[in-house]
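Peer 1: here is my input, please return the structure:
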Amino acid sequence: MDTLKFISLLGLVFLFTSCYKNEYKKSEDSFQNIYLREWNSSICPQKVVFEKYKKNSNFKNLINGSSDFDINSNCLPKYDKFNKKVPTSTYNDQMVLTPYIFFTGQINYDIRLVIDDSLEYKITAIQDEIDTIADRGRKKWIIMNNIKSLVVNGHKLDNKNAPLSIEIPTKIGKIIKK
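Peer 2: Below is the predicted model:
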């Protein structure tokens, strides 16, 4: 009986340690995507402005900005088949913004994100650190910036569901133009 327990335990250890190859990849990216959760709109955004400001400058000292983002939203026609098939999926109501020009290094600045000149997100108090994260899709490990938490428009958010990205509920955006 003890032999059976030992073999079972050894099999479990082997199973859990073989899930990920011991391959490590170092990435200098600050983040990979920005997820706007609960987008719930049939209107696709046309323009995204991403601005970096000196940390704690109250958005007065602009470092630089970019509007080079790939906008992947479920309001696009190519996602219609998914929206109709799986209406309860948590990914049916998100908009994904992927930068064409990757931001590198740890985030030691504040961020202002503006969607279509009408919806604004001021992102401050970003808590990040270099960490090893499992890349489940490729079964590897990535040594990369890991965003733990942030404050968006005065709302403190835990970013544990998207450590390699920034995850923001759409509803906390500030309307700046109607």
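
Peer 1: where do the helices sit along the chain?
Peer 2: Assignment of helices within the chain using DSSP state H yields the ranges 2-17, 80-85.

Peer 1: by mean pLDDT, show me the worst of those helices.
Peer 2: For the helices of the chain, the weakest mean pLDDT is recorded on helix 80-85, namely a mean of 44.

Peer 1: got a list of what residue 169 touches?
Peer 2: The contact partners of residue 169, by C-beta atoms under 8 Å, 6 or more residues apart in numbering, come to 36, 37, 38, 157. In this view, the C-beta of every residue, glycine as well, is placed from N, C-alpha and C.

Peer 1: 6 Å instead?
Peer 2: Residue 169 makes contact with 37, 38 under the criterion C-beta atoms under 6 Å, 6 or more residues apart in numbering.

Peer 1: please tell me how far it sits from residue 131.
Peer 2: From residue 169 over to residue 131 the distance is 24 Å, taken as C-beta to C-beta, to the nearest Å.

Peer 1: from residue 33, how far off is the residue lying closest to residue 149 once chain neighbours are set aside?
Peer 2: Take residue 149 and drop its neighbours on the chain: the residue closest to it by C-beta to C-beta, 6 or more residues apart in numbering is residue 127, 4.6 Å away. Note on residue 127: its distance to residue 33, by C-beta to C-beta, is 18 Å.

Peer 1: more neighbours: which of those two?
Peer 2: In this comparison of residue 127 against residue 33, neighbours counted by other C-beta atoms under 10 Å, the higher total goes to residue 33 at 17 against 14.

Peer 1: and the pLDDT at that one?
Peer 2: The model's pLDDT for residue 33 equals 88.

Peer 1: sheet-wise, list the partners of the top strand by length along the chain with their directions.
Peer 2: If you go by DSSP state E, the chain has its longest strand at strand 119-135. In the sheet, strand 119-135 lines up against strand 109-115 (antiparallel), strand 140-152 (antiparallel), strand 174-175 (antiparallel) (DSSP bridges).

Peer 1: give me whichever of these is most buried.
Peer 2: Each of the strands paired with strand 119-135 was assessed for mean neighbour count using mean count of other C-beta atoms under 10 Å. The highest is strand 109-115, with a mean of 21.
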